[in-house]
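Visitor: The following comprises the amino acid sequence and a computationally predicted model.
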Amino acid sequence: MSGVHIAPPELQPASFEFTPENMALAKTHIAKYPEGRQQSAVMPLLDIAQRQHNNWVPQAAIRYIADLLGMPAIRVLEVASFYTMYNLAPVGTHFVQVCTTTPCWLRGSDKVLSACKKHLGVGPGETTPDGKFTVIEVECLGACVNAPMLQLGDDFYEDLDEESTGKILEALKRGETPKPGPQNGRLSSEPLGGATTLTTFNPAAPSGGSDD
């Protein structure tokens with residue numbers, strides 16, 4: 001369940017509609033589903049609305065998507081409020097999503113949250129006074145082999161500890177863009193010491209060949 005509350009009425013816009021470019025994108029998603037099943041496009045449409053509206057989905061967008069897909073607004077709200085990927089209230093410029101599901105917890109996600117508290121002064125569900133950072137806890141983001149990890153926007157930062165998390169946050173404070181991916185020097189999800197299998201494999205060689 002999303003840990004972000006619904007924005008109060010004074011922050012809600014009176015209306016919402018997709019830009020022409022986003023409407024074209026929405027129609028592309030809707031067209032993926034057979035007649036009578038267009039409601040299945042609700043999740044990508046919520047994502048489009050969120051990206052258009054400063055990284056959060058207002059209630060006007062909920063109603064707009066419901067009308068577009070011919071479904072009750074409460075059903076759209078049910079989807080939007082269930083998944084942590086959707087924000088129903090304004091969030092910080094940097095939306096820090098820390099995975100605390102079992103694999104990340106066993107690998108030290110508590111230290112990642114500790115670094116957020118130390119460097120930002122806020123904990124899960126809170127936003128810094130300057131509005132620059134929001135921190136939340138999320139369920140599995142699918143990077144268990146690189147645990148612990150956090151997500152910033154569309155980027156994953158993996159193989160974290162308290163020190164590397166702090167460096168990422170401080171870089172963001174300075175207006176820099178930290179390099180995503182593993183933060184301990186390994187490539188993707190290879191062993192830390194490098195690849196241990198298929199070390200002579202040459203993808204340019206004919207099928208079944210190697211560079212021997």
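Guide: Looks like it arrived, so ask away. Residues are numbered from 1 along each chain as shown.
Visitor: The residue lying closest to E17 once chain neighbours are set aside sits in which helix or strand?
Guide: Distance criterion C-beta to C-beta, 6 or more residues apart in numbering; nearest residue to E17, sequence neighbours excluded, is Y64 at 6.0 Å. No exception for glycine: its C-beta is placed from N, CA and C like everyone else's. For Y64, the element it lies in under DSSP states H and E is helix 59-69.
Visitor: Same question for that helix: list its buried residues.
Guide: Within helix 59-69, the residues that qualify as buried are Q59, A60, A61, I62, Y64, I65, A66, L68, L69, counting by 16 or more other C-beta atoms under 10 Å.
Visitor: residues in contact with the residue nearest to E17?
Guide: S15, F16, E17, F18, A49 (C-beta atoms under 8 Å, 6 or more residues apart in numbering).
Visitor: how about a cut-off of 10 Å?
Guide: S15, F16, E17, F18, L45, A49, P58, A73, V76 (C-beta atoms under 10 Å, 6 or more residues apart in numbering).
Visitor: quick one: the fifth one from Y33, how far?
Guide: In this structure, L45 lies at 12 Å from Y33, with C-beta to C-beta, to the nearest Å as the measure.
Visitor: Neighbour count: these two, which is higher?
Guide: L45 (26 against 13; other C-beta atoms under 10 Å).
Visitor: buried residues in the strand or helix carrying the more buried one?
Guide: Following DSSP H and E, one finds L45 within helix 42-52. Neighbour-count burial for helix 42-52 flags V42, L45, L46, D47, I48, A49, Q50, Q52 (criterion: 16+ other C-beta under 10 Å).
Visitor: How far off centre is it?
Guide: Taking the mean of its C-alpha atoms, helix 42-52 sits 13 Å from the chain's own mean (C-alpha atoms, centre = their mean, to the nearest Å).
Visitor: What of stretch 184-202?
Guide: Distance, centroid of stretch 184-202 to centroid of chain: 27 Å (C-alpha atoms, centre = their mean).
Visitor: Quick one: end-to-end distance for it.
Guide: 26 Å (C-alpha to C-alpha, to the nearest Å).
Visitor: Equivalent analysis for stretch 87-101, please.
Guide: 20 Å.
Visitor: now V91, what's its secondary structure?
Guide: When classified by DSSP: H, G, I helix; E, B strand; the rest coil, V91 comes out as coil.
Visitor: what sits against it?
Guide: V4, Q50, N54, N55, W56, Q97, T127, G131, F133, T134, V135, I136.
Visitor: and with 7 Å instead?
Guide: V4, N55, W56, T127, T134 (C-beta atoms under 7 Å, 6 or more residues apart in numbering).
Visitor: Please report how far the residue nearest to E17 lies from Q52.
Guide: From Y64 over to Q52 (counting by C-beta to C-beta), the distance is 11 Å.
Visitor: so what's L141 closest to, chain neighbours aside?
Guide: C99 (5.0 Å).
Visitor: so how far is V135 from the one you found?
Guide: Distance from C99 to V135, by C-beta to C-beta: 12 Å.
Visitor: If you average the pLDDT over the helix holding Y64, what comes out?
Guide: Averaged across helix 59-69, pLDDT comes to 98.
Visitor: Helix or strand next in line after that helix, which one?
Guide: Next element after helix 59-69 (DSSP H and E): helix 73-82.
Visitor: helices or strands up against the next helix or strand after that following helix?
Guide: Next helix or strand after helix 73-82 toward the C-terminus (DSSP H and E): strand 94-99. For strand 94-99, the elements it packs on are helix 109-120, strand 133-138, strand 150-152, judged by 3 or more C-beta pairs under 7 Å, 6 or more residues apart in numbering; DSSP states H and E.
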